[in-house]
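> Model the structure of this input:
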Amino acid sequence: MSVRFALQGAVSRELLTYGGRVLVHDNAAELEFLTTGARVVTVPRDVPDEQTLPISAHPCFAGVRFPLQRKDFR
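I've put the predicted structure just below:
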């Protein structure tokens, strides 16, 4: 299993989810670039892949190409 990164709520300190699944990405720098107000953390190893959702599958990121091309965000 490769390292996975998730967003942690600033107030709740819970991993952010969509549809009950933890939003994950394999690149911490890209998560930090895409979001504000949430901390990027390593996903605990005890969170199974079946309980995660790649951030690229979230509807809000449907128009975003991964890996990110920063020129797309000017």
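> quick one: L34 from F66, how far?
10 Å (C-beta to C-beta, to the nearest Å). Yep, even glycine has a C-beta here, placed from its N, CA and C like the rest.
> cool, and I55?
Distance, I55 to F66, using C-beta to C-beta: 8 Å.
> higher neighbour count, these two?
I55 (24 against 14; other C-beta atoms under 10 Å).
> For the more buried one, give me its contacts.
Applying C-beta atoms under 8 Å, 6 or more residues apart in numbering to I55 gives the contacts 23-25, 31, 34, 61.
> could you pull out the helices for this structure?
Here the chain has its helices, by DSSP state H, at 28-34.
> just to revisit the earlier point, let me know the closest of the contacts of I55 to L15.
Closest approach to L15 among those (C-beta to C-beta): L23, at 7.7 Å.
> Who are the contact partners of that closest one?
Taking C-beta under 8 Å, 6+ apart, we find L23 in contact with 6-7, 15-17, 52-55, 58.
> Let me know the pLDDT of the most centrally placed residue in the chain.
With the centre of the chain defined as its mean C-alpha position, the nearest residue by C-alpha atoms, centre = their mean is V24, 3.8 Å away. Per-residue confidence (pLDDT) for V24: 97.
> Nearest residue to D72 in space, please, no chain neighbours.
Computed as C-beta to C-beta, 6 or more residues apart in numbering, the closest residue to D72 that is not its neighbour in sequence is R65, at 6.6 Å.
> Quick check: the one you found vs G20, distance?
From R65 over to G20 the distance is 26 Å, taken as C-beta to C-beta.
> Neighbours of the closest residue to A10 other than its chain neighbours, how many?
Leaving aside its sequence neighbours, A10 sits nearest to G37 (C-beta to C-beta, 6+ apart; 5.5 Å). With neighbours defined by other C-beta under 10 Å, the count for G37 comes to 8.
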